[in-house]
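Colleague: Below: sequence and its predicted model.
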Amino acid sequence: MASSGFQADVKALQKHLAARHLIYQHQHNKQMSCPAMAQLLSNTLYYKRFFPYYSFNVLGGLDNEGKGCVFTYDAVGSYEKVGYSSQGSGSTLIMPFLDNQLKSPSPLLLPARDAVTPLAEAEAIDLVKTVFASASERDIYTGDKLEIVVINADGIRREYMDLRKD
Amino acid sequence: MNFTASKQPENCLLGPESDSQRTLYPYVTGTSVVALKYKDGILMAADMGGSYGSTLRYKSVERMKPIGKHSLLGASGEISDFQEILKYLDELILYDNMWDDGNSLGPKEVHNYLTRVMYNRRNKFNPLWNSLVLGGVKKGEKYLGTVSMIGVNFEDNHVATGFGNHLARPILRQEWHENLSFEDGVKLLEKCMRVLLYRDRSAINKLQIAKITEEGMTISPPYSLKTYWEFSAFENPTQGAVGSW
């Protein structure tokens, strides 16, 4: 789960969900799937609809079949399964570029097209690094360092990259 | 229409806005706290001033206190709220000791407790008007964290509150490194505190440096820093000046 916004609310929200995840593991003897956590996050956010968590989230992970999924949220819990997303102060700079590179099918098309984007892992990581380097140029809040989390069948891996320190 | 003088004083707790008393602005405040990790533990510095607005009202305020066996708390902001936090922590440590089970709350746990307290008070629109620095060592592991009045918290190798964030942290970013000796750590903190003394109007030249290691906590007696005011650029500041100012 990646969150942007008011840090104290972000920490509180992530702590809340981590606790709920632990309870789920105790009760169901398995890890929560990404779609399950997606619903939980939405409900948690809407619970504080009239005193929101000032947190803009993107949830990524694997569903029960092991396929990747990405969910994008607003501060009060509206969510959608998408192929890619960005949130936060740099999102206005990043999102149009992602739309250009990844050409997501329109949600209005029938039959519904799969939102999964056909990128290899190395290409995807390179794209992420590129968008953050670009966002750092023009967004004053973006910069210093980038953390990339890669989740696949082999497990979870983290990569770090320095960004402009101004 | 109501012609009677119906303005009720807020302190008699009548009417819709006085259902609770809340901190609206701070009264007696402490300025920056600066802290860093060094070889054996944590070093923390704070001056001893308690300002009442622009008046330097109190000059012997201890803004750093030990918490339990393993932690050290430094605070800036409203002094009365700091005293209330000390009361909360006193009760916390008391209950921890009464378990008498060989366990004791470490700096990580105390920092987490403080984060929860500050965040929950902020959510009730009645904040404790402080920025806190919590440092300590437990079982060889050094910990240094900070919490603000709105619940923003993080841990790092060096932290500062208030003006310290703007003046001290850039110095620390350049000159801090792992395994600083005690002497180097003190020199580095004194460098930061000197800059704050020159440039923060609420800083005073009477400070303490506290050290916490696995063995325990010691706090220096109050002392002052040497300052230099003979820079030639300031000797005759109006020489060559044009205009009335």
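Modeller: Perfect, thanks for sending it. Numbers count the residues shown, from 1 in each chain, chains lettered A, B, ... in the order given.

Colleague: in chain B, which helix has the most residues?
Modeller: helix B:79-99 (DSSP state H).

Colleague: mind listing the strands for chain A?
Modeller: Taking DSSP state E as the criterion, chain A carries its strands at A:2-5, A:55-62, A:68-73, A:79-82, A:145-152, A:155-162.

Colleague: Centre of the chain to whatever helix or strand comes next after the longest helix of chain B, how far?
Modeller: Using DSSP states H and E, the helix or strand that follows helix B:79-99 in sequence is helix B:107-123. Relative to the chain's own centre, helix B:107-123 is displaced by 15 Å; criterion: C-alpha atoms, centre = their mean, to the nearest Å.

Colleague: Is any residue of helix B:107-123 near chain A?
Modeller: Yes. Under the criterion of C-beta under 8 Å from any C-beta of the partner chain, chain A is reached by helix B:107-123 at B:115, B:119, B:122-123. C-betas here are computed from N, CA, C, even on glycine.

Colleague: Format the strands of chain A as CSV; extra columns: distance to residue B:156.
Modeller: Formatted as CSV, the strands of chain A follow (distance: least, C-beta to C-beta, whole Å):
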stretch, distance to residue B:156
strand A:2-5, 20
strand A:55-62, 22
strand A:68-73, 29
strand A:79-82, 33
strand A:145-152, 13
strand A:155-162, 16
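
Colleague: between those strands, which gets nearest to chain B?
Modeller: Nearest of the strands of chain A to chain B, taken as C-beta to the nearest C-beta: strand A:2-5 at 11.5 Å.

Colleague: Which residues does that closest one contact?
Modeller: A:10, A:13-14, A:53-60, A:75, A:87-89, A:91, A:149 (C-beta atoms under 8 Å, 6 or more residues apart in numbering or on different chains).

Colleague: For chain B, name the helix or strand with the lowest mean pLDDT.
Modeller: Every helix and strand in chain B was compared by mean pLDDT, DSSP states H and E; the lowest is helix B:232-235, with a mean of 80.

Colleague: Number of residues surrounding the residue lying closest to residue B:150 once chain neighbours are set aside?
Modeller: For residue B:150, ignoring the flanking residues on the chain, the nearest one in space by C-beta to C-beta, 6 or more residues apart in numbering or on different chains is residue B:122 at 4.8 Å. By the criterion of other C-beta atoms under 10 Å in any protein chain shown, residue B:122 has 18 neighbours.

Colleague: Tell me the spacing between residue B:122 and residue B:226.
Modeller: 40 Å (C-beta to C-beta, to the nearest Å).

Colleague: what number of residues lie near residue A:76?
Modeller: 14.

Colleague: Against chain A, how distant is residue B:65?
Modeller: Computed as C-beta to the nearest C-beta, to the nearest Å, the residue B:65 to chain A distance reads 24 Å.

Colleague: show me what contacts the closest residue to chain B within chain A?
Modeller: Nearest to chain B in chain A, going by C-beta to the nearest C-beta, is residue A:8, at a distance of 3.3 Å. By C-beta under 8 Å, 6+ apart, residue A:8 lies in contact with B:115, B:119, B:122, B:148, B:150-153.

Colleague: Likewise for residue B:73?
Modeller: Counting by C-beta under 8 Å, 6+ apart, the residues that residue B:73 touches are B:64-67, B:85-86, B:89, B:110, B:114, B:132-134.

Colleague: ok, now with 10 Å
Modeller: B:33, B:44, B:63-67, B:82, B:85-86, B:89, B:107, B:110-111, B:114, B:130, B:132-136, B:210 (C-beta atoms under 10 Å, 6 or more residues apart in numbering or on different chains).

Colleague: what's across from it in the sheet?
Modeller: Residue B:73 has these beta-bridge partners by DSSP bridges: residue B:65, residue B:134.

Colleague: swap in the one 5 residues further on?
Modeller: Following DSSP bridges, residue B:78 is listed with bridge partners residue B:29.

Colleague: That one and residue B:149 touch, don't they?
Modeller: Yes. Using C-beta atoms under 10 Å, residue B:78 is in contact with residue B:149, at 8.7 Å.

Colleague: Can you work out which residues contact both of the two?
Modeller: Listed as contacting both residue B:78 and residue B:149 by C-beta under 10 Å, 6+ apart are B:23, B:26, B:127-130.

Colleague: Pull up the residues of chain B that are close to chain A.
Modeller: B:112, B:115-116, B:118-120, B:122-123, B:125, B:147-148, B:150-154, B:173 (C-beta under 10 Å from any C-beta of the partner chain).

Colleague: Going through those, which ones are buried?
Modeller: B:112, B:115, B:118-119, B:122-123, B:147-148, B:150-153 (16 or more other C-beta atoms under 10 Å in any protein chain shown).

Colleague: Could you single out the nearest of those residues to residue B:74?
Modeller: Ranked by distance to residue B:74 (C-beta to C-beta), these are led by residue B:147 at 11.3 Å.

Colleague: beta partners of the residue nearest the centre of chain A?
Modeller: In chain A, the C-alpha nearest the mean C-alpha coordinate belongs to residue A:58, at 2.4 Å (C-alpha atoms, centre = their mean). Beta-bridge pairing of residue A:58 under DSSP bridges involves residue A:2, residue A:72.

Colleague: Hmm, residue A:71 and it touching each other?
Modeller: Yes. Assessed by C-beta under 10 Å, residue A:58 is found in contact with residue A:71 at 7.2 Å.

Colleague: Common neighbours of these two, please.
Modeller: A:1, A:79, A:82, A:85.

Colleague: Mind picking the two most distant members of those?
Modeller: A:1 and A:82 (14.9 Å).

Colleague: neighbour-wise, which of the two wins?
Modeller: Ranked by neighbour count (other C-beta under 10 Å), residue A:1 and residue A:82 place residue A:1 first, with 20 against 16.
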